[in-house]
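Participant: Okay, sequence plus prediction incoming.
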Amino acid sequence: MAVADTPAEAGAPKAAIFNDPKVRGAVIQIVLIGLIVFLIWGMVSNAATNLARQGIASGFGFLNVTAGFGINISPFVDYAETSSYGRVYFVGLQNTLIISIAGIFLATVIGFVVGVARLSNNWVISKLAYVYVEVMRNVPLLLWIFIWYFSVLRLLPDKANPMNLGPLGLLNIAGYYAPKPIWGEGAIWIGAALIVAIVASLVLSSWAKRRQLATGEQFPVFWTAVGMIVVLPLIAYFASGMPLSFEMPTASRFGPRGGMRVYPEFLGLLVALSTYTASYIAEIVRAGILAISHGQTEASHALGLRSGPTLRLVVIPQAMRVIIPPMTNQYLNLTKNSSLAVAIAYPDLVSVFAGTTLNQTGQAVEVLLMTMLTYLALSLITSLFMNWFNAKMALVER
Amino acid sequence: MTKKILSAALGLTVAGLLASGASAATLDDVKAKGFVQCGVSQGLPGFSNPDAQGNWTGIDVDLCKAVAAAVFGDASKVKFTPLSAKERFTALQSGEVDVLSRNTTWTMGRDTSLGLNFAGVNYYDGQGFMVRKSLGVKSALELSGASVCTNTGTTTELNVADYFRANKMEYEIVAFEKADEVVSAYDAGRCDVYTTDQSGLYAQRLKLTNPDEHVVLPEIISKEPLGPVVRQGDDQWFNIVKWTHFAMINAEELGVSKANAEEMKGSDNPEIKRLLGVEGEFGAAIGLSNDWAYQIVSQVGNYAEVFNANVGPDTPLAIARGTNALWSAGGLQYAPPIR
């Protein structure tokens, strides 16, 4: 072989074309791609033939067909029994997004608190955090979902006798019924005031940062911002003649009516998903903090910063570089795990679309393809966002 | 060139492997593996329910046993696959089970667009509602505003939507994947109403903490003809399952039972002779031995025996024959004659 290769390497004109590594590489790749395309084409055409032979309907026409079944939770998408299967898809997607976003937020908060607590010098706190992490992550998630859902159901008062939380609404086994704000004439000013306050806070914070960099003087940004965000809308509220009233839930034969409702299925799933994922996030946070050399903390202390600011200003910003990449995994896991919702009647994408819709139309290939592509897209979007965030948080060397 | 041929050959092999997934002759497959794979529920007393020893009982189970008796002459040559309402059709379509006998409602949509065939009705049912007695509800029309627990992927989910809409009532649907979770949630008080086929309500009521505190409302809001299902496109297997069911009904009508099947072989009645294979070649016509119906009746029993043993008045379910009585007794169970 070595003898045969030598002329080609030397660029001899007589070298056979199939001995040219470039040509050979290209040919192999073309053949490989052709093979893959052929395989996929074979599978698709085979599936189509088999479906036709078995008399199973195919195509995406079913998306326009009336669904005919009810879905209880759909806060943003208008849905009724007369809606189409296409709309069922959006209802499911909406519920998956809601539980994922809420879960990611809550899991991150709990995870950071527990992760920092594990490193606490206080023996009780660090051991409590340790027990939390070990108990949470060593029990299967589906069990946690059942435990939370059914224990929540058992703990709450029954429908006929809701717990009266006074101005906060009613609580019973069918959910939490919060007072629903009814916006009257002129309420738009309250919203405008809120936006003005938020923008002003952002401007203030960037000004304060620049001033601190220039002069070293600090400004109490946090409390000023809180003050503005609370006071400005309040002024607008009174100035526009108090245009806000609340619709209180009222008890009826089959439980409370009216108000804003939080469903126990949502609560059970949210608590289960976020506490479970938080145990992994806590470990990631702990690992990230431990990855920062203790010298940084000592240097910070030497400069006169107390423990809180040291953690907030010195350790965590550096630890973020270690924390973010594995965190992305946990966010993706949480999103995908939310498909366990079907076990406790939360109508997510898998439950209403890959479940009920598939069952009624029998079009498994199309429905599952759509569901898989959706989860793929959600995961890719999350990854892209986290990559962007990671790049932003990366240590900029000066 | 060689590579092309090679890749084409490889592609064809893969395609061929995929194509052989769903073979046409179910009877041959069943005979080759030596047992009937039967899709049943995950536990519905009276229809298909595992007992403490893991033995399945129920009228849906007995239908599968009858098919095994007809094919093998041995009612025990059957294996059961518990399926949720959601997975049942896919399991049958993909060939995971040979026959689906899982209290499944015969509807036009399912019969025509899922690539399946319903082989008869072994239980005429209708959807009902169960509520707590303490609510004081006497009729389903008083249920406006109630929350309703049910299973996903069932006709009940659709019927309840139709019923509340037609009567201009509000409701909240809470749909679980498995019947056990529906029962737990209803038992915990999450829902005011539990809806499923009326037979199912009587069966599931036994699982509640205090069965006496719950009442099944009188309304029947739908027709739910429950029956065995097979894949479309295999007429021989379709005929076997269909006639297994008919044989049990004909046996009841002719007075042939588990106990007297042997002596009935000597009967002078030509209808009984044809049923038990003493006269005619009816078994061969569906690819079975001539005593196929004799095996069914002697090992599993006739329709009345199966009904009474599993759901009848002497069982905890205590369901009367009602619409499931023979046509000659004012019910709907009717089988074409064997001739």
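Facilitator: Perfect, thanks for sending it. Computed from a predicted model, the values in this text were never measured in an experiment. Numbering: from 1, shown residues only, chains lettered A, B, ... in the order given.
Participant: How far does the strand or helix carrying residue A:391 sit from its chain's centre?
Facilitator: When secondary structure is defined by DSSP states H and E, residue A:391 falls within helix A:364-393. On the basis of CA atoms, centre = their mean, to the nearest Å, helix A:364-393 sits 11 Å off its chain's mean C-alpha point.
Participant: Which strands or helices does that helix pack on?
Facilitator: Helices and strands in packing contact with helix A:364-393 are listed as helix A:85-118, helix A:316-337, helix A:349-351, helix A:358-361; criterion 3 or more CB pairs under 8 Å, 6 or more residues apart in numbering or on different chains; DSSP states H and E. (Each C-beta comes from the backbone N, C-alpha and C, glycine too.)
Participant: Distance from the third one to the middle of the chain?
Facilitator: Looking back up the chat, that one is helix A:349-351. 16 Å.
Participant: go on, the last one?
Facilitator: Relative to the centre of its chain, helix A:358-361 is centred 28 Å away, using CA atoms, centre = their mean.
Participant: same thing with stretch A:207-220?
Facilitator: Stretch A:207-220 has its average C-alpha position 35 Å from the chain's average C-alpha position, going by CA atoms, centre = their mean.
Participant: can you list contacts of it?
Facilitator: The list of residues contacting stretch A:207-220 from outside it, by CB atoms under 8 Å, 6 or more residues apart in numbering or on different chains, reads A:204, A:221.
Participant: which non-adjacent residue is nearest residue B:73?
Facilitator: In space, and not counting its chain neighbours, residue B:73 is closest to residue B:295: 4.8 Å by CB to CB, 6 or more residues apart in numbering or on different chains.
Participant: and if you look at residue A:265?
Facilitator: Going by CB to CB, 6+ apart, residue A:265 has residue A:346 as its nearest residue, at 4.2 Å.
Participant: For the stretch 201-350 of chain A, which segments count as strands?
Facilitator: When assigned using DSSP state E, counting those that start in this stretch, the strands of the stretch 201-350 of chain A occupy the ranges A:244-247, A:260-262.
Participant: weakest of these by average pLDDT?
Facilitator: Taking the average pLDDT of each of the strands of the stretch 201-350 of chain A, the minimum falls on strand A:244-247, with a mean of 80.
Participant: Give the partner strands of that one in its sheet and their orientations.
Facilitator: strand A:180-183 (antiparallel) (DSSP bridges).
Participant: So for the partner strand, mean pLDDT?
Facilitator: The average of the pLDDT scores along strand A:180-183 is 81.
Participant: quick one: contacts of that strand?
Facilitator: Residues from elsewhere that reach strand A:180-183, judged by CB under 8 Å, 6+ apart: A:243, A:244, A:245, A:246, A:247, A:249, A:258, A:259, A:260.
Participant: list the buried ones in stretch B:234-243?
Facilitator: For stretch B:234-243, the neighbour count (16 or more other CB atoms under 10 Å in any protein chain shown) marks B:234, B:237, B:238, B:239, B:240, B:241, B:242, B:243 as buried.
Participant: Likewise for stretch A:255-274?
Facilitator: Using 16+ other CB under 10 Å, the residues of stretch A:255-274 that count as buried are A:255-256, A:259-261, A:263-274.
Participant: Might you report the residue contacts of residue B:65?
Facilitator: If you count contacts by CB under 8 Å, 6+ apart, then residue B:65 has B:75, B:76, B:78, B:299, B:300 around it.
Participant: Pull up the per-residue confidence for the closest residue to chain A within the stretch 151-300 of chain B.
Facilitator: Ranked by CB to the nearest CB, the top residue of the stretch 151-300 of chain B for proximity to chain A is residue B:153, at 3.5 Å. The predicted structure scores residue B:153 at 76 on the pLDDT scale.
Participant: which residues of chain A fall in helices?
Facilitator: Per DSSP state H, chain A has helices spanning A:2-9, A:21-53, A:85-118, A:123-137, A:141-155, A:188-215, A:221-239, A:264-290, A:294-302, A:307-309, A:316-337, A:349-351, A:358-361, A:364-393. These are given in chain order.
Participant: elements contacting the third one?
Facilitator: In this structure, helix A:85-118 makes packing contacts with helix A:123-137, helix A:264-290, helix A:316-337, helix A:349-351, helix A:364-393, judged by 3+ CB pairs under 8 Å, 6+ apart.
Participant: deepest of these, which one?
Facilitator: For the helices and strands packed on helix A:85-118, ranked by mean neighbour count under the definition mean count of other CB atoms under 10 Å in any protein chain shown, the leader is helix A:349-351 at a mean of 26.
Participant: same question for that helix, mean pLDDT?
Facilitator: Helix A:349-351 comes out at a mean pLDDT of 92.
Participant: helices or strands up against it?
Facilitator: Helix A:349-351 is packed against helix A:85-118, helix A:364-393, with contacts defined by 3+ CB pairs under 8 Å, 6+ apart.
Participant: still on that earlier bit, and the angle for the helix holding residue A:391 with helix A:85-118?
Facilitator: Calculated by axes from the mean of the first three to the mean of the last three CA atoms, to 10 degrees, helix A:364-393 forms an angle of 40 degrees with helix A:85-118.
Participant: tell me the mean pLDDT over helix A:364-393?
Facilitator: Within the predicted structure, the mean pLDDT of helix A:364-393 is 91.
Participant: Same check on stretch A:299-312?
Facilitator: Stretch A:299-312 shows a mean pLDDT of 90.
Participant: who touches residue B:279 in this structure?
Facilitator: Going by CB under 8 Å, 6+ apart, the list of residues near residue B:279 reads B:270, B:273.
Participant: Equivalent analysis for residue A:67, please.
Facilitator: In this structure, residue A:67 makes contact with A:81, A:83, A:84, A:85, A:87, A:88, A:357, A:360, judged by CB under 8 Å, 6+ apart.
Participant: circling back: just send the helices of chain A back as JSON lines, with distance to residue A:179 too.
Facilitator: Formatted as JSON lines, the helices of chain A follow (distance: least, CB to CB, whole Å):
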{"stretch": "helix A:2-9", "distance to residue A:179": "82"}
{"stretch": "helix A:21-53", "distance to residue A:179": "52"}
{"stretch": "helix A:85-118", "distance to residue A:179": "21"}
{"stretch": "helix A:123-137", "distance to residue A:179": "34"}
{"stretch": "helix A:141-155", "distance to residue A:179": "22"}
{"stretch": "helix A:188-215", "distance to residue A:179": "16"}
{"stretch": "helix A:221-239", "distance to residue A:179": "16"}
{"stretch": "helix A:264-290", "distance to residue A:179": "18"}
{"stretch": "helix A:294-302", "distance to residue A:179": "46"}
{"stretch": "helix A:307-309", "distance to residue A:179": "36"}
{"stretch": "helix A:316-337", "distance to residue A:179": "30"}
{"stretch": "helix A:349-351", "distance to residue A:179": "30"}
{"stretch": "helix A:358-361", "distance to residue A:179": "38"}
{"stretch": "helix A:364-393", "distance to residue A:179": "33"}
